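A.B. asks: Pasted the sequence and its predicted model underneath.
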Amino acid sequence: MDKLEKLIKMQRTLAIAIASLRYPTKTEERISFLCTAITHEAVELQRLTNWKWWKNPTVFNDEEAREELIDIWHFVLQATIELNMTADDIVEYYSKKNKINKKRKKMNY
C-alpha cells in the first residue's frame, strides 16, 4: 500500500467513526458540503499569513499552518472517496492536469 492509499484508508475509517445523519445522502450534496469545508479551512490557513497589508505583521506559525493544511487534506481525501477515486486515479488526473498547466504556461495563458 502506498502512502496515498494509506491516507485514503485512514480517511475511510475516520468517516465511519464520525458518521452523522446530517451528512447528505446524495453525492452532489456531499461534494458541496466538502467544498464548503475546504474553503473554510483554506481561510483559516490564510488567516495565519500576513496578507493584510494594512496591519502590523505577526510571526508566521509553521506548525499551525501545517495543522490547517491537514484539515484541508481530510476534506480533499473525503471528496476523493465520495467520487470513488483511487490513488491511481489521483495520479492519472493530476498528471493530465499537470500537462495542461505546463502547456498553458508555454502559451502564456
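C.D. replies: Arrived safely, thanks for sending. Residues are numbered from 1 along each chain as shown.
A.B. asks: contacts and neighbour counts: CA atoms only from here.
C.D. replies: Will do.
A.B. asks: Check which helix or strand the spatially most central residue of the chain maps to.
C.D. replies: Nearest to the mean C-alpha position of the chain, by CA atoms, centre = their mean, lies Val76 at 3.4 Å. Taking DSSP states H and E as the criterion, the element that holds Val76 is helix 62-82.
A.B. asks: Centre of the chain to the helix or strand just after that helix, how far?
C.D. replies: For helix 62-82, the following helix or strand on the C-terminal side (DSSP H and E) is helix 87-106. Between the centre of helix 87-106 and the centre of its chain there are 17 Å (CA atoms, centre = their mean, to the nearest Å).
A.B. asks: Report the inter-axis angle for helix 87-106 versus helix 62-82.
C.D. replies: 110 degrees (axes from the mean of the first three to the mean of the last three CA atoms, to 10 degrees).
A.B. asks: Which strands and helices lie in contact with helix 87-106?
C.D. replies: Helices and strands touching helix 87-106, by 3 or more CA pairs under 8 Å, 6 or more residues apart in numbering; DSSP states H and E, are helix 3-17.
A.B. asks: What mean pLDDT does the helix it packs on get?
C.D. replies: Averaged over helix 3-17, pLDDT sits at 97.
A.B. asks: chain center to that helix: distance?
C.D. replies: 14 Å.
A.B. asks: Buried residues in whichever strand or helix holds Phe33, which are they?
C.D. replies: Using DSSP H and E, Phe33 maps to helix 27-47. Buried residues in helix 27-47, counted by 16 or more other CA atoms under 10 Å: Arg30, Ile31, Phe33, Leu34, Cys35, Ala37, Ile38, Glu41, Ala42, Glu44, Leu45.
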